[in-house]
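In: Here you go, sequence then predicted model.
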Amino acid sequence: MSKHIDKMTNAELKKFCKEENIDVDSKNVSKPTKPEYIAAIKLSYATPTEPVETDPVEEIEESDEDFLNNGFEEKSKPVKAVEVKETRAEKRKKQRNEMFALKRVIITSNDDSQTKVNNMVNYVTWGNRLLGHQTDRVIFGKPWHVRVGALNNLKDNILYKSIQDDEGNSVKTQTMPKYNIVYLDSLTKEEIELIAKRQTIRNSALDSLI
């Protein structure tokens, strides 16, 4: 950042949070306050706490009488496992790294009842209490980069289709995934550079019309 976050305006904080995919917990979802923006940014970049190491439990020394009476069996205290709990910030960072990862895919729909689903802009909503409400814009039937969280949401969608037998005497209900997801290889460096050049040319053409 070019400025310290405390000196940034609400508009600058809002833009920064949007670019860094930082979710802001706010009483007023449409208009967070400056302290709420700053608290969200600090929480997102907080350093996870280090787990506390514990010393192993030492064995109990037994008396000579116990040693003889128990047939030379060695006794020791049971070692109790110490559970290290993750902080909310650690859980959020872990989920964020996993669910925000981009995958290049082609998605198609098996729902015949929907008209012109493929090759059109569709919106996938997903999220939880840690990551907040997320929305991904996807064009079905076209190679597209989609976050893992949105893909998981699409995988959970089930379609129920009624299928009539050849003689038309009975109708059965068949279940199937609502969406087909085909994973593609990531773009090469040359492909990325070509897309960037096309985008630059497109932007220049639009600027000339203004």
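Out: Yes, it's here.
In: alpha carbons only for contacts and neighbour counts from here, please
Out: Noted.
In: roughly how far apart are the most centrally placed residue in the chain and Asn153?
Out: Central residue of the chain (C-alpha atoms, centre = their mean): Met99, 1.7 Å from the mean position. Distance check for Met99 against Asn153: by C-alpha to C-alpha, to the nearest Å, it reads 11 Å.
In: Repeat that for Ile22.
Out: In this view, Ile22 and Asn153 are 20 Å apart by C-alpha to C-alpha.
In: who has more neighbours, the two?
Out: The neighbour count for Ile22 versus Asn153, taken as other C-alpha atoms under 10 Å, is higher for Ile22 (19 against 13).
In: Regarding the more buried one, what are the backbone dihedral angles?
Out: Ile22 adopts backbone torsions of phi -100, psi 120, taken as degrees, to the nearest 10.
In: and it, what is it in contact with?
Out: Residues near Ile22 by C-alpha atoms under 8 Å, 6 or more residues apart in numbering: 40-41, 44.
In: export the residues you listed to a markdown table and tack on secondary structure and distance to Tyr123?
Out: Below are the contacts of Ile22 laid out as a markdown table (DSSP: H, G, I helix; E, B strand; the rest coil; distance: C-alpha to C-alpha, whole Å):
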| residue | secondary structure | distance to Tyr123 |
| --- | --- | --- |
| Ala40 | helix | 25 |
| Ile41 | helix | 26 |
| Ser44 | helix | 26 |
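In: In terms of helices and strands, where is Thr200?
Out: When elements are assigned from DSSP states H and E, Thr200 belongs to helix 189-209.
In: Now that helix: average pLDDT?
Out: Averaging pLDDT along helix 189-209 gives 74.
In: okay if I get the contacts of Ile22 as CSV plus neighbour count?
Out: Shown next, in CSV, are these (neighbours: other C-alpha atoms under 10 Å):
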residue, neighbour count
Ala40, 18
Ile41, 19
Ser44, 20
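In: Show me which of the residues you listed is closest to Lys142.
Out: Among those, Ser44 lies closest to Lys142 (C-alpha to C-alpha), at 33.1 Å.
In: quick one: that closest one from Ile163, how far?
Out: For Ser44, the distance to Ile163 (C-alpha to C-alpha) stands at 50 Å.
In: With Val124 instead?
Out: According to C-alpha to C-alpha, Val124 and Ile163 sit 28 Å apart.
In: Which one of the two is surrounded by more residues?
Out: More crowded of Val124 and Ile163, by other C-alpha under 10 Å: Val124, with 15 against 12.
In: Name the helix or strand for the more buried one, please.
Out: Per DSSP H and E: strand 121-128 holds Val124.
In: which other residues reach that strand?
Out: 133-140, 149-150, 153-154.
In: Can you tell me the strand partners of that strand and which way each runs?
Out: strand 132-139 (antiparallel) (DSSP bridges).
In: Cheers, nothing more for now.
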